[in-house]
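[1] predicted model and sequence below, questions to follow.
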Amino acid sequence: MSDVRSPARWWRASGTGGAVSVIGLVADGASQLDAAIEGLLLPRVPVGGVRWCRVAGIDEMVVARPSPTLIWLTPHAGKAIAERFDGWLRCAGLERAHEPAFSEARSEIEARALGVLTRAASPRALDLLLRQHELWATGARDEASPLSERDRGLRQLIEPPMVVVVGRPNAGKSTLLNAVAGQTVALATDVAGTTLDHVGALVELDGLVTRWVDTPGIENHPSDALQAFAQQTAVELARSADLVVRIAEAARPEDIEGLPTTQSGQAITLASKTDLATGDGWTTWADLGCSALDQASISELTADLRRALVGDDWLASDEPWRFWSD
């Protein structure tokens, strides 16, 4: 065995029971793999290229390089050939490793991004994660740097944040949920207090998937113990939410008073049923307004709520995103 350790590692990606076996050679960078190729006297194969050749005097096979840091070898799968290849690689100083996840990745950053991409909830995570290999390659940021506010905020693209909607009975909370979700998720009637328990749904807001929670109407004086319990649940949900939307009819600004916020006191005030209001007086007390019957109004609202959670500047920035957790 060579005393010099090769910069590459190898693993057998298939067994030896078929006609052809597959062996992977991987390194941390393109230059390290090039050095390993030279040490093994393998033919130079460009990234994306494929060659048919005889390797190490052992067997003829396809040699493919799908990425700068990965080479595939495809010798015949006979036991004798397999043993000769294993011995050749060991003697060349290559360490045998378990098959790496996402071996086609060009870097450790890209492998991490592909792993996170498999569980990211929001469509807006896709392009951002796929850009991280290039962004981190600039060296503008150290991988060990602490998490920033942007890092934490963008993680909402991976794990859906919780949006809790609170308001008085019949303020339009359930109708709003159905309009934003594009389907009937919650009961919506003109009878006050229809929702006695909170209703949750995964709702996409302009490319950001959220856990949207529609809560029971909050009254100053609950009519019974059940109503009081339901309202207390709504308050507790609001305190733990990532975003609270306090909703009142455009013609009833007084209904906003006393509605709960997040634990830090933050909330967005929304005027509902703006199509029924006289004038635009609601703009003096509400951050946003909408009519559940107007799709353009709903589309604008979802974009505004998404910006409140994940801002445009965060998405457009070329700063590397530390998207993984320790």
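    Yep, that arrived. Numbering: from 1, shown residues only.
[2] please count neighbours and contacts with C-alpha atoms only from this point.
    Will do.
[3] measure the residue of the chain most remote from its centre to residue 34 for me?
    Checked against the mean C-alpha position of the chain, the extreme residue using Cα atoms, centre = their mean is residue 57, at a distance of 47.1 Å. According to Cα to Cα, to the nearest Å, residue 57 stands 20 Å off from residue 34.
[4] please apply the same query to residue 154.
    From residue 154 over to residue 34 the distance is 36 Å, taken as Cα to Cα.
[5] swap in residue 181?
    Relative to residue 34, and taking Cα to Cα, residue 181 is found at 52 Å.
[6] before we move on, what about residue 126?
    As for residue 126, its distance to residue 34 is 31 Å (criterion: Cα to Cα).
[7] circling back: secondary structure of the residue farthest from the centre of the chain: a strand, I assume?
    No. Counting by DSSP: H, G, I helix; E, B strand; the rest coil, residue 57 is not part of a strand but coil.
[8] confidence score at it?
    In the predicted model, residue 57 carries a pLDDT score of 90.
[9] ok, now residue 249?
    As predicted, residue 249 sits at a pLDDT of 95.
[10] quick one: contacts for it?
    With Cα atoms under 8 Å, 6 or more residues apart in numbering as the criterion, the residues that contact residue 249 are 171-172, 255, 271-274.
[11] show me the residues you listed that map onto strands.
    Restricting the contacts of residue 249 to those inside strands, with DSSP state E as the criterion, leaves 271-272.
[12] could you identify the most distant pair in the contacts of residue 249?
    Longest distance between any two of the contacts of residue 249 is 14.8 Å, between 255 and 274; criterion Cα to Cα.
[13] which helices and strands does the strand or helix carrying residue 89 pack with?
    When secondary structure is defined using DSSP states H and E, the element that contains residue 89 is helix 79-91. Packed against helix 79-91, as judged by 3 or more Cα pairs under 8 Å, 6 or more residues apart in numbering; DSSP states H and E, are no other helices or strands.
[14] any idea how far that helix is from the chain center?
    For helix 79-91, the distance between its averaged C-alpha position and the chain's averaged C-alpha position is 42 Å (Cα atoms, centre = their mean, to the nearest Å).
[15] what about the nearest residue in space to residue 123 that is not next to it in sequence, how many neighbours?
    Computed as Cα to Cα, 6 or more residues apart in numbering, the closest residue to residue 123 that is not its neighbour in sequence is residue 207, at 5.3 Å. Residue 207 sits with 16 neighbouring residues when counted by other Cα atoms under 10 Å.
[16] can you check residue 279 too?
    11.
[17] separation between it and residue 273?
    Summarising the geometry, the distance separating residue 279 from residue 273, computed by Cα to Cα, is 12 Å.
[18] one step back: OK, contacts around the residue nearest to residue 123?
    Contact criterion Cα under 8 Å, 6+ apart gives 122-124, 306 as the residues in contact with residue 207.
[19] against residue 310, how distant is it?
    Taken as Cα to Cα, the spacing of residue 207 relative to residue 310 amounts to 10 Å.
[20] remind me which residues of the stretch 51-200 of the chain are low pLDDT?
    When residues are selected by pLDDT under 70, those of the stretch 51-200 of the chain lie in 99-101, 183-198.
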